[in-house]
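J.: sequence plus the predicted model coming up.
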Amino acid sequence: MTTVTLKEAQSALADLIHRLSPGEEVVITENDRPVARLVPTPVIPKMAQRRLGTMKGTVLYMAPDFDAPLEDFKEYTE
């Protein structure tokens with residue numbers, strides 16, 4: 001854990017950010033009291049691109065009235 005004063009952090013913020021590595025943190029102090037903590041954001045892995053048609057043929061049965069209006073909503077559709 002690295003500790004820097006507020007004035008040092010203001011003058012070298014970009015350098016502090018670029019030097020951060022995963023799991024490391026920088027504590028910023030003012031008047032010998034910690035006021036902020038600088039930590040790197042976690043790396044979010046990219047999702048694999050989806051491929052169309054991968055579920056084709058998996059529906060084995062569909063009721064003949066699958067898309068028929070429901071009885072509960074009949075009054076709203078008339």
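T.: Structure received.

J.: how distant is the lowest-mean-pLDDT helix or strand in the chain from the center of its chain?
T.: Lowest on mean pLDDT, DSSP states H and E among the helices and strands of the chain sits helix 74-77, with a mean of 80. On the basis of CA atoms, centre = their mean, to the nearest Å, helix 74-77 sits 41 Å off its chain's mean C-alpha point.

J.: state the pLDDT value of the residue most central in space within the chain.
T.: When CA atoms, centre = their mean is applied to the chain, the residue found nearest the centroid is Ile44 (6.9 Å). Per-residue confidence (pLDDT) for Ile44: 85.

J.: just the element for it, please.
T.: Using DSSP states H and E, Ile44 sits in no helix or strand.

J.: same deal with Asp15?
T.: helix 13-19.

J.: I'd like to know the average pLDDT value across the helix or strand just after that helix.
T.: Per DSSP H and E, the first helix or strand lying C-terminal to helix 13-19 is strand 26-30. Average pLDDT, strand 26-30: 95.

J.: what pairs with the helix or strand just after strand 26-30, parallel or antiparallel?
T.: Sequence-wise, the next helix or strand downstream of strand 26-30 (DSSP H and E) is strand 33-38. Note on strand 33-38: by DSSP bridges, its sheet partners are strand 26-30 (antiparallel).
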